[in-house]
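K.L.:
here you go, sequence then predicted model.
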Number of protein chains: 2
Amino acid sequence: MAKRHRTDERPTIAQIAQIAGVSVPTVSKVLNDRADVALPTRKRVERVIEEYGFVRNRAARALRKGKTGLVDLILPRLDDEYYLPILEGVAQVLREAGVRLVLTSTNYQPEQEVQWIDTVTDHSTDGILLVLPSDEAIEHLERSGWPFVLIHNQRSPRSGVPSVTITSWEGGFVATTHLISLGHRRIAYIGKTAQARDAIERIAGYRAALDAANLPLDPQLQCAGNFTEADGYTATRALLELPEPPTAIFAGNDRQAAGVYRALHELDMTVPGDISVIGFDNLPYTEIMNPPLTTVHAPRMELGRTAATMLLRLINREALDMTRVVLPTEFIERQSCRPLSLETEAK
Amino acid sequence: MAKRHRTDERPTIAQIAQIAGVSVPTVSKVLNDRADVALPTRKRVERVIEEYGFVRNRAARALRKGKTGLVDLILPRLDDEYYLPILEGVAQVLREAGVRLVLTSTNYQPEQEVQWIDTVTDHSTDGILLVLPSDEAIEHLERSGWPFVLIHNQRSPRSGVPSVTITSWEGGFVATTHLISLGHRRIAYIGKTAQARDAIERIAGYRAALDAANLPLDPQLQCAGNFTEADGYTATRALLELPEPPTAIFAGNDRQAAGVYRALHELDMTVPGDISVIGFDNLPYTEIMNPPLTTVHAPRMELGRTAATMLLRLINREALDMTRVVLPTEFIERQSCRPLSLETEAK
DNA sequence: ATACTTTAAGAAATCGTTATCATTCCCATC
DNA sequence: GATGGGAATGATAACGATTTCTTAAAGTAT
């Protein structure tokens, strides 16, 4: 079968117009649902459009209208499950608005970030959603004058820059407080070395909770970690070598919590029997971990939805209710924590 | 700060030309690296371009050239970790080629699939990658005459339709054979009811392996399942109620394997002590399952890379070496299987 | 010195759509 | 019966780039 390939054969508005016996603008009006077309004419044109399977050329439309109907989403990486719900949330909102999603990943390379931002500037998309942006990227974007919204803004929230984040501090606070309320006194935190703003707030929340309960802040219980499974594992091994090991571990995120589980299992210790564990993020697999992980839910889909909604408003030059939105985290209690009793201590 | 917003201020070729004191086509020639521009002229134009931060308008370029530099990737859904590496592979290849990725999800609704395909036809992208396509979608695409490549083609491989898949049959065969070689005789399979071609081949491989070992095909050991964790759980509960339960379970995919783990744990049975388990796909978390899951690796990133490479060739009207590519799966041995000894049986 | 080639640059047409502004026609109004 | 106004349609000019073709200038060969 001979393949019809692209431009061959595909009708244009002009041809449709000729076949329908009307002018080009009239067809355009029909396509754009404008009022000033008489019903019979409209019907006739619609029939021809239907019959010939005519579809508008987007490039031409984009050129004329100055809008592409495309939005950029720039993620730090694609092989990280964490970003999936963000992506999904963005996709949902954009689909509802008839806008399409151009996805790119910077692989954590800020130079690439800036480079990609340049490609937005060329009118190829109408705006950008940037996840975990670098400072350079933010400045570059501000200079460019294009609509953008940041997700998980890294540094101090500069006023006026539209962004969406989560209540990391509160999440850390609530998780730690929960462990304290169960009677734990020596509570470790993993993830001290991560530079992301959310990570910094998380540990601040942890410290504040200890402080509020008048518990000492033992530096030995605050472990390095860059939020990988391996970091959770390593940190846990080190923690258990301490003369006075912790009875509970706030893992900083779920991946590190998985590492904690692995280390404990290797040492024939049980969760929560020997150690209580709390994660952060609420990745899908935490539910099927053994035991199911108590964690702090990061509303990632909402993050995506909110950011996309804001961006669409910016693109349409509508005002934003709030330029900086912070979405609440939610404590999810499962089965990886238990009260610290004297009996348990003795065992 | 007053925002420069889109068309405001942004220079066009015409303005660059005027500033540089040359004509419009000359600037275009410089931009496109054409030979017929004298070196001093070229330098001068380049300097102006640099100074004003000029970037080409993609829409105009796309309209004139008939190519958008965009490729569609249509996934059944976004909240499924399985597709991530495919996405990543596609993104890698496209990035290298300077082509951008438009991502959409059909949420498993074939009508949406066809609808989205229509949007390609409007010159908004140069070609489509379609994952797990429905029959309607394939036919629609063939009629449209646009370049496309299928990933995980569902039905009988029609000749000439470019597609990439994995050796599901062999994967099923190898996994089952491994269990047989460990001495297992009653080996269950979960996932009989899934309609996807890969699922069907997987169970065929399982059956073939049993057959080759002259083992009986017990229908009771072939459980329904649609590849969710819950299905794995339910099936396992049912299997263990059998008068003669299996000693090994080939879970069909990793998610179902996670369900198997959960069911077994609930019944205080251990993996692989009481039951050996094998998964399929090699999702990231199988490594940190407890015990780490023996599984069959599906080369998903390669799937994406290969499909994207093929599509780019089609778009450039180059010939394809192979129209149907099948990538090999790989057996990954971890710690969820063990030899079946009489002792174990007795216990 | 003349004719012929090569090189560099520009004029004009074009891609397919939408926006602006006229024009035509018809009907209601005074 | 002339006039005003609304409704429907179309002529034309953008949008910003690329392509083709022409022209001017410079270089080369005879």
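P.N.:
Perfect, I can see it now. Residues are numbered from 1 along each chain as shown, chains lettered A, B, ... in the order given.
K.L.:
now stretch A:279-290: buried residues?
P.N.:
Of all the residues in stretch A:279-290, those buried under the rule 16 or more other CB atoms under 10 Å in any protein chain shown are A:279-286, A:288-290. (Glycine included, C-beta is placed from N, CA and C.)
K.L.:
just the ones of those residues in helices?
P.N.:
Cross-referencing the buried residues of stretch A:279-290 against helices under DSSP state H gives no overlap.
K.L.:
nearest to DNA strand C, of those?
P.N.:
residue A:284 (41.5 Å; CB to the nearest atom of the strand).
K.L.:
from DNA strand D, how far off is that closest one?
P.N.:
From residue A:284 across to DNA strand D, the span is 45 Å (CB to the nearest atom of the strand, to the nearest Å).
K.L.:
give the contact list for that residue.
P.N.:
The contact partners of residue A:284, by CB atoms under 8 Å, 6 or more residues apart in numbering or on different chains, come to A:81, B:81.
K.L.:
kindly report the same for the one 3 residues further on.
P.N.:
The neighbourhood of residue A:287, defined by CB under 8 Å, 6+ apart, consists of A:293, A:334.
K.L.:
which residues in chain A form strands?
P.N.:
A:70-75, A:100-105, A:128-131, A:148-151, A:163-166, A:187-190, A:222-223, A:248-250, A:276-278, A:295-297, A:324-327, A:330-332 (DSSP state E).
K.L.:
ok, back up a step: which of the buried residues of stretch A:279-290 lies closest to residue A:192?
P.N.:
residue A:280 (13.7 Å; CB to CB).
K.L.:
returning to that earlier point: possible to save the strands of chain A as TSV with distance to chain B, mean pLDDT and mean neighbour count?
P.N.:
Shown next, in TSV, are the strands of chain A (distance: least, CB to the nearest CB, whole Å; pLDDT from 0 to 100; neighbours: other CB atoms under 10 Å in any protein chain shown):
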stretch	distance to chain B	mean pLDDT	mean neighbour count
strand A:70-75	7	92	25
strand A:100-105	4	91	24
strand A:128-131	13	93	26
strand A:148-151	11	95	27
strand A:163-166	16	95	25
strand A:187-190	15	98	28
strand A:222-223	19	96	21
strand A:248-250	16	98	30
strand A:276-278	13	98	28
strand A:295-297	15	98	25
strand A:324-327	17	94	16
strand A:330-332	17	98	16
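K.L.:
close to DNA strand C: what parts of the stretch 51-200 of chain A are there?
P.N.:
A:54, A:56-57, A:60-61, A:63-65 (CB under 7 Å from any atom of the strand).
K.L.:
report the entries of these that also contact DNA strand D.
P.N.:
Counting by CB under 7 Å from any atom of the strand, the members of those that reach DNA strand D are A:60, A:63-64.
K.L.:
residues of stretch A:77-86 that come out buried?
P.N.:
For stretch A:77-86, using 16+ other CB under 10 Å, the buried residues are A:77-78, A:80-86.
K.L.:
then stretch A:263-279?
P.N.:
Those buried within stretch A:263-279 under the rule 16+ other CB under 10 Å are A:263-264, A:271-272, A:274-279.
K.L.:
can you redo these as CSV with distance to DNA strand C?
P.N.:
Listed next are the buried residues of stretch A:263-279 as CSV, based on distance: CB to the nearest atom of the strand, whole Å:
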residue, distance to DNA strand C
A:263, 60
A:264, 61
A:271, 59
A:272, 61
A:274, 66
A:275, 63
A:276, 60
A:277, 56
A:278, 54
A:279, 50
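K.L.:
now, the most widely separated pair of the residues you listed?
P.N.:
Pairwise over the buried residues of stretch A:263-279, using CB to CB, the maximum falls at A:274 and A:279, 17.1 Å.
K.L.:
just the buried residues of stretch A:263-279 now: which is nearest DNA strand D?
P.N.:
Closest to DNA strand D, out of all of the buried residues of stretch A:263-279 and judged by CB to the nearest atom of the strand, is residue A:279, at 49.2 Å.
K.L.:
got the contact list for the closest one?
P.N.:
Contacts of residue A:279 (CB under 8 Å, 6+ apart): A:251-254, A:256-257, A:286, A:293-296, A:336.
K.L.:
the same query, at a cut-off of 7 Å, please.
P.N.:
The neighbourhood of residue A:279, defined by CB atoms under 7 Å, 6 or more residues apart in numbering or on different chains, consists of A:251, A:253-254, A:257, A:286, A:293, A:295.
K.L.:
swap in residue A:292?
P.N.:
A:286, A:334-336.
K.L.:
which member of those residues is positioned nearest DNA strand C?
P.N.:
residue A:286 (47.4 Å).
K.L.:
where does pLDDT dip in the stretch 1-150 of chain A?
P.N.:
Applying pLDDT under 70 to the stretch 1-150 of chain A picks out residues A:1-9, A:108, A:110-123.
K.L.:
if we can go back for a sec, now, which of the ones next to DNA strand D among the residues of the stretch 51-200 of chain A next to DNA strand C sits nearest residue B:170?
P.N.:
Distances from residue B:170 to these, taken by CB to CB, are shortest for residue A:60, at 48.4 Å.
K.L.:
ok so, going back, could you give me the PyMOL syntax to select whichever of the contacts of residue A:292 are buried?
P.N.:
With 16+ other CB under 10 Å as the criterion, this PyMOL line picks the buried residues out of the contacts of residue A:292:
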select buried, chain A and resi 286+334+336
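K.L.:
which of the contacts of residue A:292 sit farthest apart?
P.N.:
Across the contacts of residue A:292 (CB to CB), the longest gap, 10.8 Å, separates A:286 and A:335.
K.L.:
so what's the residue in the stretch 151-300 of chain A that DNA strand C sits nearest to closest to, chain neighbours aside?
P.N.:
Relative to DNA strand C, the nearest point of the stretch 151-300 of chain A is residue A:162 (26.3 Å; CB to the nearest atom of the strand). Excluding its sequence neighbours, the residue lying closest to residue A:162 (CB to CB, 6 or more residues apart in numbering or on different chains) is residue A:149, at 4.6 Å.
K.L.:
what does residue A:63 give?
P.N.:
That would be residue B:59: by CB to CB, 6+ apart, it lies 4.1 Å from residue A:63.
K.L.:
what does residue A:213 give?
P.N.:
residue A:180 (4.8 Å).
K.L.:
tally of neighbours for the one you found?
P.N.:
19 (other CB atoms under 10 Å in any protein chain shown).
K.L.:
likewise for residue A:219?
P.N.:
Around residue A:219 there are 8 residues (other CB under 10 Å).
K.L.:
ok, now residue A:195?
P.N.:
That count, for residue A:195 with other CB under 10 Å as the rule, works out to 9.
K.L.:
count of neighbours near the residue of the stretch 51-200 of chain A found nearest DNA strand D?
P.N.:
Nearest to DNA strand D, among the residues of the stretch 51-200 of chain A, is residue A:64, at 3.6 Å (CB to the nearest atom of the strand). Using other CB under 10 Å, the number of residues around residue A:64 comes to 12.
K.L.:
need the contact list for residue A:79.
P.N.:
B:84-85, B:88.
K.L.:
same thing but at 6 Å, please
P.N.:
residue B:88 (CB atoms under 6 Å, 6 or more residues apart in numbering or on different chains).
K.L.:
with the one 5 residues further on instead?
P.N.:
Taking CB under 6 Å, 6+ apart as the contact definition, residue A:84 lies against nothing.
K.L.:
one step back: please identify which of the strands of chain A is closest to residue B:174.
P.N.:
Using CB to CB, the strands of chain A put strand A:100-105 closest to residue B:174, at 33.0 Å.
K.L.:
before we move on, back to that, what about the residue nearest to residue A:162, distance to residue B:297?
P.N.:
38 Å (CB to CB, to the nearest Å).
K.L.:
again, but for residue A:223
P.N.:
Residue A:223 is 32 Å from residue B:297, by CB to CB.
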